[in-house]
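**Q** Need a 3D model of the sequence below.
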Amino acid sequence: MTGKVYLVGAGPGDPELLTLKALRVLNTADVILHDDLVSADILQLAPPAAQVLNVGKRCGNQAIRQEEISELMVGFARSGHTVVRLKGGDPLIFGRAGEEMEALRVSGIELEVVPGITAATAAAASAGVSLTDRRFGASVVLVTGHRLGGLPPDDWRSLASSKAMVAIYMPGKDFGRLSHDLIAAGWDGDTPCLATSRASTPGERRHLTTLRNLAETPQTTPPCILLVGAGVSAVTSDSDDTDAPAKVLLMAGA
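**A** Next up is the predicted model:
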């Protein structure tokens with residue numbers, strides 16, 4: 001009999017932020033194919049008999065191609081295994097889930113998606129920031145730093161005028177370029193910015209700054225997410241302490 005593949009969101013890192021369903025599915029896995037961003041604490045929840053394979057890809061360091069990951073999922077499922085494709089955060093947000101779901105459907109493999117808490121939610125909750133505070137702007141836009149260079153200037157200008165909170169996943173190390181591009185597109189240089197590294201984990205670090213001074217952001221340990229918008233002004237007063245562990249306020253279901 002053919003097995004089944006679950007695309008499961010592992011959340012931002014704290015194992016207590018796994019959904020009950022994600023934990024239940026993880027406990028049924030014969031094979032777990034996980035990303036680099038999945039924390040060791042979560043991997044320890046895998047069944048002892050499960051085969052656990054790291055198929056992580058980082059920008060500039062791709063030890064395995066996306067096509068190979070899809071082939072592994074299909075192959076294990078056709079052998080009758082229950083496969084958990086474990087992804088950091090939520091699999092539907094910058095997790096290339098669309099490509100993997102298509103590969104499974106074409107191959108006739110049963111699949112199910114189990115969503116997870118995404119990094120933007122985790123970072124905002126930890127710092128006490130609402131992503132959609134109507135006093136500052138009632139919308140939030142999720143973008144990835146890998147594609148910022150291809151984003152037309154008009155798009156940045158429209159975001160500036162909309163006053164949306166912008167969550168930039170994987171912003172990279174060139175904060176100076178990002179600062180220049182946004183200010184050139186019409187963003188106010190005094191717009192608050194919050195860079196968060198390893199949100200929700202004991203190693204979380206936060207740095208509060210402005211768009212004008214974004215280039216001075218200390219280098220952080222990935223994964224990192226950057227929140228840009230007036231709503232960041234509500235961040236807790238101790239959030240820019242990068243020398244001590246950040247106070248994590250995120251609770252399950254937040």
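
**Q** Can you pull out the low-pLDDT segments for the stretch 1-150 of the chain?
**A** Low-confidence regions of the stretch 1-150 of the chain, defined here as pLDDT under 70, cover residues 58-62, 146-150.

**Q** Okay, helices next: where are they in it?
**A** In the stretch 1-150 of the chain, helices defined by DSSP state H, counting those that start in this stretch lie at 20-27, 40-43, 66-78, 97-106, 119-127, listed in chain order.

**Q** Comparing those, which comes out most buried?
**A** Comparing the helices of the stretch 1-150 of the chain on average neighbours per residue, with mean count of other Cβ atoms under 10 Å, the densest one is helix 119-127 at a mean of 26. (Each C-beta comes from the backbone N, C-alpha and C, glycine too.)

**Q** which stretch among the helices of the stretch 1-150 of the chain comes nearest Val235?
**A** Using Cβ to Cβ as the measure, helix 119-127 is the one of the helices of the stretch 1-150 of the chain that comes nearest Val235, at 4.8 Å.

**Q** Output that closest one as CSV, nothing but the C-alphas.
**A** As requested, the backbone C-alpha atoms of helix 119-127 are provided in CSV (Å, rounded to 0.1, in the frame of the first residue of the first chain):
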residue,chain,number,x,y,z
ALA,A,119,8.4,33.6,12.2
ALA,A,120,6.7,37.0,11.8
THR,A,121,4.1,36.0,14.4
ALA,A,122,6.7,34.6,16.7
ALA,A,123,8.9,37.7,16.5
ALA,A,124,6.0,40.1,16.9
ALA,A,125,4.5,38.3,19.9
SER,A,126,7.9,38.0,21.6
ALA,A,127,8.4,41.8,21.4
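
**Q** Please state the offset of that helix from the chain centre?
**A** Remark: helix 119-127 is offset 10 Å from the chain centroid, using Cα atoms, centre = their mean, to the nearest Å.

**Q** What of stretch 43-50?
**A** Counting by Cα atoms, centre = their mean, stretch 43-50 comes out at 23 Å from the chain centroid.

**Q** picking that back up, now the helices of the stretch 1-150 of the chain in CSV, please, with extra columns for distance to His180.
**A** Converted to CSV, these look like this (distance: least, Cβ to Cβ, whole Å):
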stretch, distance to His180
helix 20-27, 40
helix 40-43, 37
helix 66-78, 32
helix 97-106, 32
helix 119-127, 23
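
**Q** how many neighbours does the nearest residue to Leu72 once chain neighbours are set aside have?
**A** For Leu72, ignoring the flanking residues on the chain, the nearest one in space by Cβ to Cβ, 6 or more residues apart in numbering is Leu33 at 6.0 Å. Residue crowding around Leu33 was assessed by other Cβ atoms under 10 Å; the count is 24.

**Q** got the contact list for stretch 19-32?
**A** Contacts of stretch 19-32 with the rest of the structure, by Cβ atoms under 8 Å, 6 or more residues apart in numbering, involve 3, 6, 8-11, 18, 43, 45-47, 49-53, 76, 81-84, 86, 114-116.

**Q** Okay, and which of those residues map to strands?
**A** When DSSP state E is applied, the contacts of stretch 19-32 are split such that Tyr6, Val8, Gly9, Gln51, Val52, Leu53, Thr82, Val83, Val84, Leu86, Val114 fall in strands.

**Q** of those residues, closest to Leu37?
**A** Each of the ones in strands among the contacts of stretch 19-32 was scored against Leu37 by Cβ to Cβ, and Leu86 proved nearest at 9.7 Å.

**Q** Tell me what the closest one is bridged to.
**A** Beta-bridge pairing of Leu86, defined through DSSP bridges, involves Val8, His34.

**Q** Around it, how many other residues sit close by?
**A** Using other Cβ under 10 Å, the number of residues around Leu86 comes to 28.

**Q** Now for it: which residues touch it?
**A** Val8, Ala10, Leu26, Ile32, Leu33, His34, Asp35, Val38, Ile42.
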